[in-house]
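In: Predicted model and sequence below, questions to follow.
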Amino acid sequence: MEIVKIPRMEKKEYDNLIEEGYVCRIAFQGEKYPYIAPFLYVFDGKFLYFLSTKYGKKIEYFRKSPYVAVEIEKYTKDLSCFTFITLPGYLTEVTDSIEKKIIRQEFVELITKKHLSNNILAALGHSPQDPPEAIANEERSLVWKLTGVKDLVALKSL
C-alpha cells in the first residue's frame, strides 16, 4: 500500500494563510514537556509579532530559551480542507519604543477590524472594560517578534 503524502504549500499560499489569520499557537521549551499557548498575532509581511502578558509560564520559558515553534492553521468544520504552517524560530523582545507603539496600534486595528470581543483584552493584560486603544496607550504587555525562522513546514489538504 502506498503512503499518500500531504502536499506542501507554495510561498504565496502560506503567506496568504499567515496574512488572513490572527490566532496561532506557540510551543515553548518547557521543563519536561513543551508548553503550548494560544496567541493573537499581527504580520507585517516579514515578521510575526505577538503581545504577551508579563506573567505566567510563557515568560519563564521565554527567559530560559527563546526558541519556539509557531503554528497557524485554517480548516473547514468537516476537515475536508485544511492548511497549516509551523514556523520554528526564536522570539526577541521588541524594546524600541517607536516600534512597540506601531505594533501595539496594529493589534488595536486587528481587534477592531475583525470585530473581536473585548474579552480578548484580558489575555493582553487589560480589562475587558478597557477600550482596545488602551493596548496602544499603555504597556501592560511585552511585544515579541518571531525571527530566525528556518525549515518551516507548510502543508495543505489534497
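Out: In hand now; what should we look at?

In: what about the strand ranked longest in the chain, average pLDDT?
Out: Of all the segments of type strand in the chain, defined by DSSP state E, the longest one is strand 82-93. Strand 82-93 shows a mean pLDDT of 97.

In: For that strand, name the packing helices and strands.
Out: helix 11-20, strand 67-75, strand 141-147, strand 153-156 (3 or more CB pairs under 8 Å, 6 or more residues apart in numbering; DSSP states H and E). For the C-beta atoms, the positions are set from N, CA and C on the backbone; glycine is no exception.

In: Of all those, which one is nearest residue 40?
Out: The closest of these to residue 40 is strand 141-147. By CB to CB, the value is 10.5 Å.

In: Go through that closest one and flag the buried ones.
Out: Buried residues in strand 141-147, counted by 16 or more other CB atoms under 10 Å: 141, 142, 143, 144, 145, 146.

In: The fifth one contacts residue 89, doesn't it?
Out: No - counting by CB atoms under 8 Å, residue 145 does not reach residue 89; the two are 9.6 Å apart.

In: Report the distance from whatever helix or strand comes next after the longest strand of the chain to the chain centre.
Out: Beyond strand 82-93 on the C-terminal side, the first helix or strand identified by DSSP states H and E is helix 97-113. Relative to its chain's centre, helix 97-113 lies at 14 Å (CA atoms, centre = their mean, to the nearest Å).
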